[in-house]
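In: Predicted coordinates and the sequence they were generated for:
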Amino acid sequence: MKVDSTVVVQTVRLDISTRCENDVVDITEEVRNAVSSSSINSGLVCVFVSGSTATITAIEFEAGLIKDFVTTLSRIAPADITYEHDKRWQDGNGRSHVKASLIGPDLVVPLSNGKLELGTWQRIVLVEFDIRPRRRSIVIQIVGE
Amino acid sequence: MKVDSTVVVQTVRLDISTRCENDVVDITEEVRNAVSSSSINSGLVCVFVSGSTATITAIEFEAGLIKDFVTTLSRIAPADITYEHDKRWQDGNGRSHVKASLIGPDLVVPLSNGKLELGTWQRIVLVEFDIRPRRRSIVIQIVGE
Amino acid sequence: MKVDSTVVVQTVRLDISTRCENDVVDITEEVRNAVSSSSINSGLVCVFVSGSTATITAIEFEAGLIKDFVTTLSRIAPADITYEHDKRWQDGNGRSHVKASLIGPDLVVPLSNGKLELGTWQRIVLVEFDIRPRRRSIVIQIVGE
């Protein structure tokens, strides 16, 4: 049997300015708009931040929880210890790199019938771990039919 | 050259009841069954939990290790500290959210010739971080040929 | 409208020998070569390690930072505490499993016009968490057009 495949690839780019270390930006609507502007109804949506000191994850976007989340990460990679990266490069953002690599730059969300398969309170966020505001390049890659 | 693509998208939904906080459920066979019931032989299999207090990851499914894993996560986000999320919402599951966002809701596994590319002891698991039993909606999205 | 899809799936396998616990191996060029050797220009590239004590992530490949990263993970799952896994199996690698499951075996990177969408310093790495050298099987699964 010959299947007529209609699977295609579409790319949407997103530039997001972050305000400071530990800024958490809800980009769910931007990802939804990217999906709506595509011709794809079902497939995989990969949200990826090009950069080594930020991350993409999912979280309930509630101010208290956002604080809990970044506080937990600050316990894992504290600001007041010495990082080899900072000794060599004086960047001061050794902790930012460590946290970003722990969580990772990618999130893949299933898309079905035009809808991202997120839970009711589950939002897609960009987390800025760098120690200064950054302009972030995010790639939303949609593969589907 | 014209390539006759046979790539398609197929979605399988899985409902899993968890028993308690830190319940780890091996869903590898369910994912294998989803793949078998599809017409897809090679591609990507995304396993995603729709919800903010659970996660999907891979682990050797051995009782001692399961305990080590959840114990480590409980050191990262302990039960006996104050969470802003709990102060505002009295949910008591601030730690659950933090742990889930750290690991993430998605796992993507390559599929080749009908076989998930897992290691010998590598299993796909749902980890319940919420503080009470939950009914979990998992989406298995398969894109391939 | 009939879309002529040219989306296909291609698999490249990579065997990497690691030297010791906490060995971090930059595999970016190997992934780029896999993409170049494929016929795919745009899509998703999933890099997956088949095994329960290693992980794939992204990091700036700088010697100081690599040390900071594995040191942070060693604080999360220290070598000098007791693991249930080790008590039962005498493997001595309970910590390795815990760290691998925390980060995960998969990384998905968008591919556009033949180029992986990595940041300037962002590299794809295999991290060996096991306590002895291992031969690692990595699957690079490319789905795209």
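Out: Perfect, I can see it now. Residues are numbered from 1 along each chain as shown, chains lettered A, B, ... in the order given.
In: alpha carbons only for contacts and neighbour counts from here, please
Out: Will do.
In: Poorly predicted segments of chain A, please.
Out: Applying pLDDT under 70 to chain A flags the ranges A:1-3.
In: For it, what lies in contact range of chain B?
Out: Contacts of chain A with chain B, taken as Cα under 8 Å from any Cα of the partner chain, map to A:2-7, A:42-44, A:57-60, A:62-65, A:67-69, A:72, A:75-76, A:103, A:107-110, A:112, A:117-122, A:144-145.
In: restrict the residues you listed to contacts with chain C.
Out: Restricting those to those near chain C - Cα under 8 Å from any Cα - leaves A:5, A:6, A:7, A:76, A:103, A:107, A:108.
In: which strands and helices sit next to the longest helix seen in chain A?
Out: Using DSSP state H, we find that the single longest helix of chain A is helix A:63-76. With contacts defined as 3 or more Cα pairs under 8 Å, 6 or more residues apart in numbering or on different chains; DSSP states H and E, helix A:63-76 has these neighbours: helix B:63-76, helix B:84-89, helix B:94-103, helix C:63-76.
In: For the residue nearest the centre of chain A, which non-adjacent residue is closest in space?
Out: Note on chain A: the residue nearest the mean C-alpha position is residue A:56, at 1.8 Å, using Cα atoms, centre = their mean. Leaving aside its chain neighbours, residue A:56 sits nearest to residue A:126 (4.8 Å; criterion: Cα to Cα, 6 or more residues apart in numbering or on different chains).
In: ok, what's across the strand from the one you found?
Out: In this structure, residue A:126 bridges to residue A:25, residue A:56 when assessed by DSSP bridges.
In: That one contacts residue A:53, doesn't it?
Out: No. Counting by Cα atoms under 8 Å, residue A:126 stays clear of residue A:53, with 10.8 Å between them.
In: re the thing from before, can you tell me which of the ones next to chain C among the residues of chain A next to chain B is nearest residue B:95?
Out: Proximity of these to residue B:95 (Cα to Cα) peaks at residue A:76, which lies at 14.4 Å.
In: That closest one: how many residues sit nearby?
Out: 19 (other Cα atoms under 10 Å in any protein chain shown).
In: Tell me how far it lies from residue A:69.
Out: The gap separating residue A:76 from residue A:69 is 11 Å, by Cα to Cα, to the nearest Å.
In: Check residue A:20 too.
Out: Distance, residue A:20 to residue A:69, by Cα to Cα: 15 Å.
In: again with residue A:116
Out: 23 Å.
In: For those two, indicate the residue with more neighbours.
Out: residue A:69 (25 against 20).
In: rewinding a little: my guess is the residue nearest to the centre of chain A meets residue A:129, correct?
Out: No. At 10.9 Å, residue A:56 does not count as touching residue A:129 under the criterion of Cα under 8 Å.
In: Centre of the chain to stretch A:75-94, how far?
Out: Averaged C-alpha coordinates place stretch A:75-94 at 22 Å from its chain's average position (Cα atoms, centre = their mean, to the nearest Å).
In: which residues touch it?
Out: Residues outside stretch A:75-94 that contact it (Cα atoms under 8 Å, 6 or more residues apart in numbering or on different chains): A:95, A:98-99, A:130-131, B:76, C:62-65, C:67-68, C:72, C:75-76.
In: Repeat the analysis, applying 6 Å as the threshold.
Out: Residues from elsewhere that reach stretch A:75-94 (Cα atoms under 6 Å, 6 or more residues apart in numbering or on different chains): A:95, C:64, C:65, C:68.
In: out of those residues, which are buried?
Out: With burial judged by 16 or more other Cα atoms under 10 Å in any protein chain shown, the buried subset of the contacts of stretch A:75-94 is A:95, C:64, C:65, C:68.
In: now those in a markdown table, with distance to residue B:38?
Out: Rendered in a markdown table, the data for those read as follows (distance: Cα to Cα, whole Å):
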| residue | distance to residue B:38 |
| --- | --- |
| A:95 | 44 |
| C:64 | 46 |
| C:65 | 43 |
| C:68 | 44 |
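In: quick one: which two of these are the most distant?
Out: By the measure Cα to Cα, A:95 and C:64 form the most distant pair in those, at 11.8 Å.
In: would you put the C-alpha positions of the helix or strand encompassing residue A:36 in CSV?
Out: Following DSSP states H and E, one finds residue A:36 within helix A:28-37. Extracted in CSV, the C-alpha atoms of helix A:28-37 (Å, rounded to 0.1, in the frame of the first residue of the first chain):
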residue,chain,number,x,y,z
THR,A,28,3.5,29.2,25.6
GLU,A,29,1.5,31.6,23.6
GLU,A,30,4.4,32.3,21.3
VAL,A,31,4.8,28.6,20.7
ARG,A,32,1.0,28.2,20.1
ASN,A,33,1.1,31.1,17.6
ALA,A,34,4.0,29.4,15.8
VAL,A,35,2.0,26.2,15.6
SER,A,36,-1.1,28.1,14.4
SER,A,37,0.9,29.9,11.7
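In: wait, what's in contact with residue A:119?
Out: Residue A:119 sits in contact with B:50, B:51, where contact means Cα under 6 Å, 6+ apart.
In: Then residue A:36?
Out: With Cα under 6 Å, 6+ apart, residue A:36 has no contacts at all.
In: My guess is residue A:54 contacts residue A:125. True?
Out: No. Counting by Cα atoms under 6 Å, residue A:125 is not a contact partner of residue A:54; they are 10.4 Å apart.
In: Overlap in contacts, the two.
Out: With Cα under 6 Å, 6+ apart, residue A:54 and residue A:125 have no common neighbours.
In: who has more neighbours, these two?
Out: Between residue A:54 and residue A:125, residue A:54 has the larger neighbour count (other Cα under 10 Å), namely 27 against 21.
In: So what's the residue count around the nearest residue to that one once chain neighbours are set aside?
Out: Nearest residue to residue A:54, sequence neighbours excluded (Cα to Cα, 6+ apart): residue A:128, at 4.7 Å. Residue A:128 has 28 neighbours, counted by other Cα under 10 Å.
In: just residue A:82 next, same as before
Out: Residues lying near residue A:82 (other Cα under 10 Å) number 13.
In: any idea whether it is helix, strand or coil?
Out: For residue A:82, the assignment made with DSSP: H, G, I helix; E, B strand; the rest coil gives coil.
In: got it, and residue A:120?
Out: coil.
In: Report the beta-bridge partners for residue A:16.
Out: residue A:136.
In: okay but it is in contact with residue A:136, surely?
Out: Yes. The criterion here is Cα under 6 Å, and residue A:16 meets it with residue A:136 at 5.1 Å.
In: okay, those two: which has more neighbours?
Out: residue A:136 (18 against 14).
In: Many thanks, I have nothing further to ask.
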